[in-house]
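Undergrad: sequence first, predicted model second:
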Amino acid sequence: QVQLQESGPGLVKPSQTLSLICTVSGGSITTNYYYWSWIRQPPGKGLEWMAATAYDGSTYYNPSLKTHTSISRDTSKNQFSLQLSSVTPEDTAVYYCARGAGQSFSYGMDYWGKGTQVTVSS
């Protein structure tokens, strides 16, 4: 059973960089041919796919977020991370990490973390 657990600060000030970590257990992030994504849901809005890192280390980004988003991984810890720079209150959301068969929602996500609330406020 694959499990994902998000961790990060609950509160971030505007203009700062948000850093989130997803710790994976029950499976390796290097296993063919899975993709590991970050997804968020702002209050009252739908899910937004943000970025993904693949089993081979390739990275993929939502074009609308690419300029201030960075995804990386640490295979020794079986973790992948998201950095979102220059945050604004519009980045307030529940952030999820998930495993999928591809780099976007269209491929489906079979395992999700429980999500972590991030609020951007001064």
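TA: Alright, I've got the coordinates.
Undergrad: where along this structure do the strands fall?
TA: Counting by DSSP state E, one finds strands in the chain at the ranges 3-7, 11-12, 18-25, 35-41, 48-54, 59-61, 69-74, 79-84, 93-100, 109-112, 116-120.
Undergrad: tell me, how many residues neighbour residue 69?
TA: Residue 69: 18 surrounding residues under other Cβ atoms under 10 Å. From N, CA and C alone the C-beta is placed, and that goes for glycine too.
Undergrad: go ahead and confirm it touches residue 86.
TA: No - applying Cβ atoms under 8 Å, one finds residue 69 not in contact with residue 86, separated by 10.5 Å.
Undergrad: mean pLDDT added to the strands of the chain, as a markdown table?
TA: Output for the strands of the chain, formatted as a markdown table (pLDDT from 0 to 100):
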| stretch | mean pLDDT |
| --- | --- |
| strand 3-7 | 98 |
| strand 11-12 | 97 |
| strand 18-25 | 98 |
| strand 35-41 | 97 |
| strand 48-54 | 96 |
| strand 59-61 | 96 |
| strand 69-74 | 98 |
| strand 79-84 | 98 |
| strand 93-100 | 97 |
| strand 109-112 | 94 |
| strand 116-120 | 98 |
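Undergrad: so residue 14 sits against residue 90, correct?
TA: No - under the criterion of Cβ under 8 Å, residue 14 is not in contact with residue 90, lying 9.9 Å apart.
Undergrad: so which of these two has more stuff around it?
TA: Neighbour tally, residue 14 and residue 90, criterion other Cβ under 10 Å: the higher count belongs to residue 14, 13 against 9.
Undergrad: quick one, phi psi at that one?
TA: phi -50, psi 140 (degrees, to the nearest 10).
Undergrad: show the contacting residues for it.
TA: With contact taken as Cβ atoms under 8 Å, 6 or more residues apart in numbering, residue 14 is in contact with 87, 88, 89, 120, 121, 122.
Undergrad: filter those down to the buried ones, ChimeraX style.
TA: Applying 16 or more other Cβ atoms under 10 Å to those, the buried members can be selected in ChimeraX as follows:
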select :87,120
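Undergrad: and the closest residue to residue 112 other than its chain neighbours, how far from residue 85?
TA: Closest residue to residue 112 apart from its sequence neighbours, by Cβ to Cβ, 6 or more residues apart in numbering: residue 98 at 4.5 Å. As for residue 98, its distance to residue 85 is 22 Å (criterion: Cβ to Cβ, to the nearest Å).
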